[in-house]
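A.B. asks: Got a sequence here, can you build the structure:
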Amino acid sequence: MPPRTRVLLVDDSAVVRKLLGDALRKYDDIEVIGGAADPYIARDMILQYKPDVITLDIEMPRMDGLSFLRKLMEHHPIPAIVVSSLTQQGSAASVEALRIGAIDVIGKPGGPHAVGEVAERVAERIRALRVGHPIRLGKVPPAAPAAPAPALNAGRLRGLIAIGASTGGTQAIETVLTRMPADVPPIVIAQHMPAGFTRAFAERLDGVCPMRVVEAAGNEPLERGVAYVAPGDYHLTVERHGLQLLTRLDQKAPIHYQRPAVDALFASVARLRGLPTVGLLLTGMGADGADGMVELRQAGAETIAEAEESCVVFGMPKEAIARGGAGHVATLLAIPGLVVECLGRLNRASRAS
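C.D. replies: Residues are numbered from 1 along each chain as shown. Modelled structure (predicted):
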């Protein structure tokens, strides 16, 4: 039997540590090595017991969870799963946690009845870490990205850009969008993220990106210069209505245990025949988006998978490449220029036909 994954629970609430610890101990492949009431205790326990994964609260005494996570990623990188309350303030902090290196954010249990569901999701992420491609952890990226370079112009290009991502995707999407031109064709995004956090994620992107970024509301027409982020717990799809493209939201069954799912978005975009389309599949665990990227490519779209060297987790892009869905493979910094190049090629082909 393979060795169990060793987990340290970092939370100032003794009740949460007890409930979550007891729930995780029911899994044969997980070993809870203990709990820490604050980051200073956690630091000592990490050095002493060397856990494989930690769960981390954000609001804690002596040092907040974000400050601890920054120090951890710089000096002793370790996979961290944030278990946080679903308040608006907490959601913004959780988005920041994802940006600086957390592999996932999970809502803190609202009571004993919710602990099992939370523990199941924590266990799923732990197992994905064990069987997936190694996590690439490192120093925290800068809070404000550099200005787009080189300057890109998409003013005469029509079309649609679809982006899918999971673990590490908040950083990856920010890196790509901040280097895209403001006049870019509409962008639709499926990022694996819980309900309550995607609005804060969209607001953060809106503050640093050249184009406008919003959380998709459903039934709105896609506009040039706007990126639409799928709300947590909703699939985002795109439909043609006359001459307009509209966003659609639904709560159909999760795909690959995810809602929003990248496959749902990509499959809907693949049905929009005749529209110059570029699909991007960025860092993430699992296989969500791989089949959808195959559909996009078969429908005539240009497809780009993030290269292994820039991925936090080379899972979803690797699957897309293996299944023949990726027409191009590129690093994050090369992707913006490649997107504009692909759109230009598709537009020329559309005008010639």
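A.B. asks: what's the single longest helix in the chain?
C.D. replies: The residue-count maximum for a helix in the chain (DSSP state H) belongs to helix 112-131.
A.B. asks: and that one, which residues are buried?
C.D. replies: In terms of neighbour count (16 or more other C-beta atoms under 10 Å), helix 112-131 has its buried residues at 115, 118, 119, 121, 122, 123, 125, 126, 128, 129. For glycine as for every other residue, the C-beta is placed from the backbone atoms N, C-alpha and C.
A.B. asks: Output the one helix or strand residue 174 maps to as PDB, nothing but the C-alphas.
C.D. replies: Taking DSSP states H and E as the definition, residue 174 sits inside helix 169-177. Only the C-alpha atoms of helix 169-177 are listed here, as PDB (Å, rounded to 0.1, in the frame of the first residue of the first chain):
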ATOM      1  CA  GLY A 169      -5.000  29.500 -12.900                       C
ATOM      2  CA  THR A 170      -5.700  32.700 -11.100                       C
ATOM      3  CA  GLN A 171      -2.000  33.700 -11.600                       C
ATOM      4  CA  ALA A 172      -1.900  32.300 -15.100                       C
ATOM      5  CA  ILE A 173      -5.000  34.100 -16.300                       C
ATOM      6  CA  GLU A 174      -3.800  37.400 -14.800                       C
ATOM      7  CA  THR A 175      -0.500  37.000 -16.600                       C
ATOM      8  CA  VAL A 176      -2.200  36.400 -19.900                       C
ATOM      9  CA  LEU A 177      -4.900  39.100 -19.700                       C
END
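A.B. asks: I'd like the distance from it to the chain centre, please.
C.D. replies: 9 Å (C-alpha atoms, centre = their mean, to the nearest Å).
A.B. asks: what's the answer for stretch 91-103, then?
C.D. replies: Distance, stretch centre to chain centre, for stretch 91-103: 10 Å (C-alpha atoms, centre = their mean).
A.B. asks: all strands for the stretch 151-300 of the chain, in order.
C.D. replies: For the stretch 151-300 of the chain, the strands defined by DSSP state E, counting those that start in this stretch occupy 160-165, 187-191, 212-215, 226-229, 235-241, 244-250, 277-281.
A.B. asks: So what are the sheet partners of the third one and their directions?
C.D. replies: Paired neighbours of strand 212-215 in the sheet (DSSP bridges): strand 226-229 (parallel).
A.B. asks: do you know which of the strands of the stretch 151-300 of the chain lies nearest residue 265?
C.D. replies: Nearest of those to residue 265, taken as C-beta to C-beta: strand 187-191 at 4.4 Å.
A.B. asks: Mind listing the strands the closest one pairs with, and their directions?
C.D. replies: strand 160-165 (parallel), strand 226-229 (parallel).
A.B. asks: what's the closest of these to residue 245?
C.D. replies: Nearest of the strands paired with strand 187-191 (C-beta to C-beta): strand 160-165, 6.9 Å.
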